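Enquirer: Got a predicted structure here, sequence first:
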Amino acid sequence: MFHAIGSADGEEEKAEEDCPELVPIKTKQREEKEETSRPGAKIPVTVITGYLGAGKTTLLNYILTEQHSKRIAVILNEFGEGSALEKSLAVSQDGELYEEWLELRNGCLCCSVKDSGLKAIENLMQKKGKFDYILLETTGLADPGAVASMFWVDAELGVDIYLDGIITVVDAKYGLNHLAEEKPDGLINEASRQVALADIIILNKTDLVSEEDLSKLRTTVRSTNGLGKILETQKSSLQRKLQNVPTTQPHLDQSIITVTFEVPGNAKEESLNVYIQNLLWEKNVRNRDDDCMEVIRLKGLVSIKDKPQQVIVQGVHELYDLEETPVSWEDDSERTNRLVLIGRNLDKDILKQLFIATVTETENQTTHFKEDQVCP
Ligand SMILES: Nc1nc2c(ncn2[C@@H]2O[C@H](COP(=O)(O)OP(=O)(O)OP(=O)(O)O)[C@@H](O)[C@H]2O)c(=O)[nH]1
Ligand SMILES: [Zn+2]
């Protein structure tokens, strides 16, 4: 799903049939640079893929923060519906470094990554001359083949841009699980397709694994892609240590869905941790069919009681952390928690109700879960 770095005033989602549209949110005064791109010069596009939570946005932020003389246009393709949420999660400390904020309205999921990506780039090309480079972050479940092929399928677009390369980010901790995931009918899983098509493969989060595990991953990646350049990285600036618990088994395939919701109010930090841990660690939250909910990815902007600052929660499988942003809530009435959860067997109503219970909970109450029915 192509999604936006959106305007905070939150124009609502359009009808599903609409394809995403590119809307500049903040166009900086750059007259002096406007004309530097040679007319007729093709603009290179680098596609960044990688499974949910592997570190694509982190990489984008890194590239954009590095000193360079390029004017880069970024197309973020995040999951979730709340564009305000996406923006707050995607912006590094100061959005300044981004050449332009681009909003891709959440288009039809039906028009596949290829179609919506195409439209986005077409719209972007109308701003030609204002940038030298396009970085396109695909959704964690995207087939980069579809994204890449649009450059050849669309002749008109091919005149303006060319595919410079595909970078695939692999989560060092969960990458082997993702690569081993079994799909029905013997289909190749997304993670393998992403690795197979990459020119550069980044094994990220090496801080979370032993040299032995890393070497296993390296071997598996190499057997899937014999030519790509393999790099190893870690997010050096991560201040707070992610909380670490034992790893999961590989998943059986079921459809992965996205759930987003908003709940006004404050949560006590402790209660928030219980909510998250029940989902990510205890896995004792079930849907109406009594299936265990499996959260693969969690992002949110939350309001913690007695904290003036907005807090971002980020989770990938069992790992999560809470990070204070430099942004303060304006007043109490404005405090709203926005959550995006992606995974299997998720039931929005139940997840939202549990969150409401988390927010409204008084001193000694804890949210009730079926403790005897821990999921496998
Ligand atoms: N420990 C550790 N955490 C990392 C590293 N790189 C990124 N993270 C964390 O992993 C989480 C996901 O990072 P993102 O960059 O948002 O991942 P993404 O691939 O863009 O995620 P989606 O767009 O949701 O698929 C964040 O909480 C990051 O802070 C790393 O090298 N080590
Ligand atoms: Zn991302």
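Expert: Done, it's in. Ligands and ions are numbered 1, 2, ... in the order given.

Enquirer: Please list the residues of the stretch 201-350 of the chain that sit near ligand 1.
Expert: N204, K205, D207, L208, Q234, K235, L238, L242, R297, Q314, V316 (CB under 6 Å from any ligand atom). Bear in mind the C-beta positions are built from the backbone N, C-alpha and C, glycine included.

Enquirer: Pull out the buried residues from those residues.
Expert: Using 16 or more other CB atoms under 10 Å as the burial test, these include N204, K205, L208, Q234, L242, R297, Q314, V316 as buried.

Enquirer: Tell me the secondary structure at the fourth one.
Expert: Here Q234 is coil, with the state taken from DSSP: H, G, I helix; E, B strand; the rest coil.

Enquirer: And it, how far from D306?
Expert: Separation of Q234 from D306 (CB to CB, to the nearest Å) stands at 33 Å.

Enquirer: Filter the buried ones among the residues of the stretch 201-350 of the chain next to ligand 1 down to just the ones in strands.
Expert: N204, R297, Q314, V316 (DSSP state E).

Enquirer: which pair in the residues you listed spans the largest distance?
Expert: N204 and R297 (14.8 Å; CB to CB).

Enquirer: OK, contacts around the closest residue to I356 other than its chain neighbours?
Expert: Leaving aside its sequence neighbours, I356 sits nearest to V263 (CB to CB, 6 or more residues apart in numbering; 5.5 Å). Counting by CB atoms under 8 Å, 6 or more residues apart in numbering, V263 makes contact with T336, N337, L339, K352, F355, I356, V359.

Enquirer: okay, those in CSV with pLDDT next?
Expert: Compiled in CSV, these are given as follows (pLDDT from 0 to 100):
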residue, pLDDT
T336, 90
N337, 93
L339, 90
K352, 96
F355, 96
I356, 96
V359, 92
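
Enquirer: T220: which of those is nearest?
Expert: For the contacts of V263, the residue nearest T220 by CB to CB is L339; the value is 32.8 Å.

Enquirer: who's that closest one bridged to?
Expert: Counting by DSSP bridges, L339 is bridged to F261, G300.

Enquirer: Surely it and T258 touch.
Expert: No - using CB atoms under 8 Å, L339 makes no contact with T258, being 10.8 Å away.

Enquirer: tell me which residues of the helix or strand hosting S215 are tucked away?
Expert: In the assignment (DSSP states H and E), S215 maps to helix 211-224. Neighbour counts over helix 211-224 (16+ other CB under 10 Å) mark D213, L214, L217, R218, T220, V221, T224 as buried.

Enquirer: Tell me the residues of the stretch 1-150 of the chain that contact ligand 1?
Expert: Counting by CB under 6 Å from any ligand atom, the stretch 1-150 of the chain sits next to ligand 1 at G50, L52, G53, A54, G55, K56, T57, T58, E78, G140.

Enquirer: Flag whichever of the buried residues of helix 211-224 scores worst on pLDDT.
Expert: The member of those with the lowest pLDDT is T224, at 86.

Enquirer: wait, what's in contact with that residue?
Expert: Counting by CB under 8 Å, 6+ apart, T224 has contacts L179, S192, V195, A196.

Enquirer: Out of those, name the ones that lie in helices.
Expert: L179, S192, V195, A196 (DSSP state H).

Enquirer: Just want the residue of this structure that's nearest ligand 2.
Expert: T57 (3.3 Å; CB to the ion).

Enquirer: so what pLDDT did that residue get?
Expert: 81.

Enquirer: before we move on, which element is it in?
Expert: If you go by DSSP H and E, T57 is part of helix 56-65.

Enquirer: That helix: what's the following helix or strand?
Expert: In N-to-C order, the element after helix 56-65 by DSSP H and E is strand 72-75.

Enquirer: Brilliant, that's me finished.
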